[in-house]
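Student: Quick one, fold the following:
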Amino acid sequence: MLPQATRRYALSLDLRDDPELIRQYRQVHSPEGFWPEIAQGIRSVGILDMEIYLEGTRMFMIIEAPADFPFETRMAQLATLPRQAEWEAFVSRFQQSRPGATSAEKWRPLERIFKL
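Tutor: Residues are numbered from 1 along each chain as shown. Down below sits the predicted model:
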């Protein structure tokens, strides 16, 4: 079987500058703290892999999806899945974002300026 053609999306989001909130945010993204329904929803819309990196208050997320992944459509679909709105409301207290923002509205796409 040939490997599936994929595309990467790079996004960023800032956390509130509060060491205790950042500690809690790390905890809710740990294997023990992450809500299984959210992981299931991410996979159900076609996302193959997702990683989040943290430096200070700046987060960087990499999403890997099929090459023909309709990003805006699937992110809108993700927002409608069970517990997704509850998750977004829960994690918004850690994030520098407007109240009620969806994941697609919080995470801002980054422009690739270099590739080796």
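
Student: switch to C-alpha atoms for all contacts and neighbour counts from now on
Tutor: Fine.

Student: A strand includes Glu34, no?
Tutor: Actually, residue 34 is Phe rather than Glu. No. According to DSSP: H, G, I helix; E, B strand; the rest coil, the state of Phe34 is coil, so it is not within a strand.

Student: so where is this structure shaky, pLDDT-wise?
Tutor: 1-2 (pLDDT under 70).

Student: can you give me the strands in it?
Tutor: Taking DSSP state E as the criterion, the chain carries its strands at 6-14, 49-55, 58-66, 108-109.

Student: Save the ones you listed as TSV, and put in mean neighbour count and distance to Gln84 too.
Tutor: Written out in TSV, the entries for the strands of the chain read as follows (neighbours: other Cα atoms under 10 Å; distance: least, Cα to Cα, whole Å):
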stretch	mean neighbour count	distance to Gln84
strand 6-14	16	18
strand 49-55	12	16
strand 58-66	17	17
strand 108-109	16	18
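
Student: State the distance from Thr6 to Asp49.
Tutor: When Cα to Cα, to the nearest Å is applied, the distance between Thr6 and Asp49 equals 10 Å.

Student: shared neighbours of those two, anything?
Tutor: Overlap of the contact sets of Thr6 and Asp49 (by Cα atoms under 8 Å, 6 or more residues apart in numbering) consists of Glu64, Ala65.

Student: For Gly56, grab phi and psi.
Tutor: Gly56 adopts backbone torsions of phi 60, psi -120, taken as degrees, to the nearest 10.

Student: What about it, how many residues nearby?
Tutor: For Gly56, the tally of surrounding residues (other Cα atoms under 10 Å) stands at 12.

Student: Equivalent analysis for Ser44, please.
Tutor: The burial count assigned to Ser44 is 14, neighbours taken as other Cα under 10 Å.

Student: Then Phe90?
Tutor: Taking other Cα under 10 Å as the neighbour definition, Phe90 ends up with a count of 12.

Student: Report how many residues lie close to the nearest residue to Ala76 once chain neighbours are set aside.
Tutor: Distances taken as Cα to Cα, 6 or more residues apart in numbering put Ala104 closest to Ala76, at 7.5 Å, once the chain neighbours are dropped. The local packing count at Ala104 equals 16, with neighbours defined by other Cα under 10 Å.
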